[in-house]
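In: Sharing a sequence plus its predicted fold:
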Number of protein chains: 2
Amino acid sequence: MPDTPMPDKIVEFLRQANPAVMATVAADGRPVSVATWYLLEDDGKVLLGLDAKRARLKHLEADPRVALTVLAPNWYTHVSLQGRVVSITDDDGLRDIDRLSIHYGGQPYANRERPRVSVQVEIDHWHAWGELREE
Amino acid sequence: MPDTPMPDKIVEFLRQANPAVMATVAADGRPVSVATWYLLEDDGKVLLGLDAKRARLKHLEADPRVALTVLAPNWYTHVSLQGRVVSITDDDGLRDIDRLSIHYGGQPYANRERPRVSVQVEIDHWHAWGELREE
C-alpha cells in the first residue's frame, strides 16, 4: 500500500465532494462504519465533523486510528485511506461543519443546536482502485 | 442500536444494488475499509465475494467482525451493519461472485482466473439514517 505523498490525480479526486464512509474501532475492538462528509485540507490532513455526543467520537478518543473510503460517482473507482486522529477540538461557531456542509450541499449546516467537534486526521496510507489505481 | 429483525423497508433497501463499504480490523487492530459488492440473502445473511489472495481475507480469518455501510443514491440515507463472518468457503465455479456481478452490473464476473472466496456474514446490529431512520 503506497504511502504519502499522493499523486495529484488522487488529491484532485479527494478534493471533490464524494460520498465517503469512515471506519473506527469500538472499545471491544470491533469495526464500526458510517457514512461521513470529509474535506481534504491544504495541509494534507482530512477534516471530519462529528456530533459531540456520538459513540464514534468516544471510539476515536480511545483509539485514534481511522479508515476512510471515498467513492467516485461510478464507484468502481474509489480511494481508501488509513490514518490517525491528530486533533479533536470543539467546532466553535460551527465553522468547520459549515465548511463541510457548503462543500457538499452549498448551504451552511442546518442544525445549529447540537455541539459539534472538528477532527483532523493525518493520512498514513492510501490505496486507489479503478481509474485511479496505481500499479 | 436496534438488533435484528430489520423492518421490511430496510430489508427492501438492502436488497437493491447499492454502493457499499466494508470495514475489517487488521492484525494490529487498526480499521481498514474498502468498497465492496454485497448481497442480502434470503436467510438474512450478507454475502461478500473476496479475492482469495487479498489481505482483508486474512483479517477476517483472524478476526471475524465486520462492518458494512450501504449508501442510497442520495447517500444522505444509509444503513450500517455490524456482524460476524460465519463461513468462508472457496467460490467453486465462481458462482457467488457471478451472482454478485450480475446483481450489480448484469454480467458474470469478468476475471475467471483469480480464485475467489465466499464470505457469509451474520448481522448482529443495524442502524439507519436519513429516510430509513428508525426513532
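Out: Noted; the coordinates are in hand. Since this is a predicted model, take the numbers as computed values, not measurements.
In: Grab the nearest non-local neighbour of A:Asn74.
Out: Using CB to CB, 6 or more residues apart in numbering or on different chains and skipping the chain neighbours, the partner closest in space to A:Asn74 is A:Gly130 (7.3 Å). C-beta: built from backbone N, CA, C; applies to glycine.
In: and if you look at A:Val21?
Out: B:Val21 (3.8 Å).
In: tell me which element the one you found is part of?
Out: strand B:20-25 (DSSP states H and E).
In: what's in contact with that strand?
Out: For strand B:20-25, contacts defined as CB atoms under 8 Å, 6 or more residues apart in numbering or on different chains pick out A:21, A:23, A:25, A:29-33, A:67, A:69, A:71, B:31-38, B:48, B:56, B:59-60, B:63, B:65-71.
In: if I look at the closest residue to A:Arg65 other than its chain neighbours, how far off is B:Val79?
Out: Of all residues not flanking A:Arg65 in the chain, B:Arg30 sits nearest, at 4.3 Å (CB to CB, 6+ apart). For B:Arg30, the distance to B:Val79 (CB to CB, to the nearest Å) stands at 24 Å.
In: now the strands for chain A?
Out: Assigned by DSSP state E, the strands in chain A fall at A:20-25, A:31-36, A:39-40, A:46-51, A:65-71, A:78-90, A:116-129.
In: Make a PyMOL selection of the buried ones in the contacts of strand B:20-25.
Out: Here is the PyMOL selection string for the buried members of the contacts of strand B:20-25, based on 16 or more other CB atoms under 10 Å in any protein chain shown:
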select buried, (chain A and resi 21+23+25+30+31+32+33+67+69+71) or (chain B and resi 31+32+33+34+35+36+37+38+48+56+59+60+63+65+66+67+68+69+70+71)
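In: would you list the strands of chain A in TSV and tack on mean pLDDT?
Out: Listed next are the strands of chain A as TSV, based on pLDDT from 0 to 100:
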stretch	mean pLDDT
strand A:20-25	97
strand A:31-36	96
strand A:39-40	98
strand A:46-51	96
strand A:65-71	97
strand A:78-90	97
strand A:116-129	96
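In: hmm, stretch A:115-129 in reach of chain B?
Out: Yes. Using CB under 8 Å from any CB of the partner chain, stretch A:115-129 reaches chain B at A:127, A:129.
In: What residues sit buried inside that stretch?
Out: Buried residues in stretch A:115-129, counted by 16+ other CB under 10 Å: A:116-123, A:126-129.
In: swap in stretch A:74-83?
Out: When burial is assessed from 16+ other CB under 10 Å, stretch A:74-83 yields the following buried residues: A:75, A:77-83.
In: quick one, what contacts the residue at minimal distance from the centre of chain A?
Out: Centroid-nearest residue in chain A, with CA atoms, centre = their mean: A:Tyr38, separated by 4.0 Å. Contact partners of A:Tyr38, counting by CB under 8 Å, 6+ apart, are A:20, A:22, A:46-48, A:68, A:70, A:100.
In: Can you tell me which of these is nearest A:Ser87?
Out: Distance to A:Ser87, by CB to CB, is smallest for A:Leu47 among the contacts of A:Tyr38, at 10.0 Å.
In: I figured the closest one hits A:Leu39, correct?
Out: Yes. In this structure A:Leu47 lies within contact range of A:Leu39 using CB atoms under 8 Å: 4.3 Å.
In: May I have the residues that are in contact with the closest residue to A:Ala62 other than its chain neighbours?
Out: Nearest residue to A:Ala62, sequence neighbours excluded (CB to CB, 6+ apart): A:Ala27, at 6.0 Å. A:Ala27 makes contacts with A:58-59, A:62, as judged by CB under 8 Å, 6+ apart.
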